[in-house]
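Enquirer: Output the structure for:
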Amino acid sequence: MAIAGIGAALVAGAVVGGVSLADSANDDLSHGFPSHQAAASPSAEAVTGTLTAEQRKRLGTRAAVSSDGSVSVYAAVRDGDMVTFPVTLTNPSDAARVVEARIRVHASPHGQPVDLYQGAVDSGDLLAPNATLLTEISVQGAHSIRLEDLAVEIRQSAQGPT
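Expert: Reported below is the predicted structural model:
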């Protein structure tokens, strides 16, 4: 009898805890999807010189390009619940430098604006003149949004690429 009472108390506690957790999650989502802040640039692959025709073909069409052309974000690719955007960072100058920018991905499903991703990408080390770095950003929370409804913005840092 005592064991049954303990079991019932545990079940009731789990139900109450689950309801509290669900209410908390619903409260968070009622303010829009949480934006994903990138802690660091994603893994990257250096390319010497310019991209080959095959590499450009694999990247697809550009979704956004920075004002100086050094950062390009390409059309999104869905992989299960994750959406990824290929990104190229290119040093268009005559001297080695770090290429960096902030990227924002957003949409307006059902007329409600939602920020899905805000983060920075950078080359990490100095990029040689005309060198390109291939990388990607991953966006969570976009599984129910059509890829063509995702919008991308690129903003270079206040100082621009350094």
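Enquirer: so where's this protein uncertain?
Expert: Scanning the chain for pLDDT under 70 picks out the ranges 1-50, 157-162.
Enquirer: hey, where'd the strands end up in it?
Expert: Secondary structure of the chain by DSSP state E: the strands cover 36-37, 44-47, 62-65, 71-74, 77-79, 82-90, 100-107, 114-122, 132-139, 151-155.
Enquirer: what about the ones you listed, which gets the closest to Ile145?
Expert: Between Ile145 and the strands of the chain, the tightest spacing by CB to CB is seen for strand 100-107, at 5.0 Å. (Each C-beta comes from the backbone N, C-alpha and C, glycine too.)
Enquirer: mind listing what that closest one pairs with, with the direction of each?
Expert: strand 114-122 (antiparallel), strand 151-155 (antiparallel) (DSSP bridges).
Enquirer: rewinding a little: take the strands of the chain and write them to TSV, including distance to Glu54 and mean neighbour count.
Expert: What follows is the strands of the chain, written out as TSV (distance: least, CB to CB, whole Å; neighbours: other CB atoms under 10 Å):
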stretch	distance to Glu54	mean neighbour count
strand 36-37	31	13
strand 44-47	12	14
strand 62-65	17	17
strand 71-74	14	23
strand 77-79	17	12
strand 82-90	14	21
strand 100-107	25	21
strand 114-122	23	19
strand 132-139	12	20
strand 151-155	24	17
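Enquirer: Can you add distance to Ala53 and give the ones you listed back as JSON lines?
Expert: As requested, the strands of the chain are exported to JSON lines (distance: least, CB to CB, whole Å):
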{"stretch": "strand 36-37", "distance to Ala53": "33"}
{"stretch": "strand 44-47", "distance to Ala53": "13"}
{"stretch": "strand 62-65", "distance to Ala53": "15"}
{"stretch": "strand 71-74", "distance to Ala53": "15"}
{"stretch": "strand 77-79", "distance to Ala53": "20"}
{"stretch": "strand 82-90", "distance to Ala53": "14"}
{"stretch": "strand 100-107", "distance to Ala53": "25"}
{"stretch": "strand 114-122", "distance to Ala53": "24"}
{"stretch": "strand 132-139", "distance to Ala53": "14"}
{"stretch": "strand 151-155", "distance to Ala53": "24"}
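Enquirer: residues near the closest residue to Thr61 other than its chain neighbours, how many?
Expert: Distance criterion CB to CB, 6 or more residues apart in numbering; nearest residue to Thr61, sequence neighbours excluded, is Ala75 at 5.0 Å. Using other CB atoms under 10 Å, Ala75 has 15 other residues around it.
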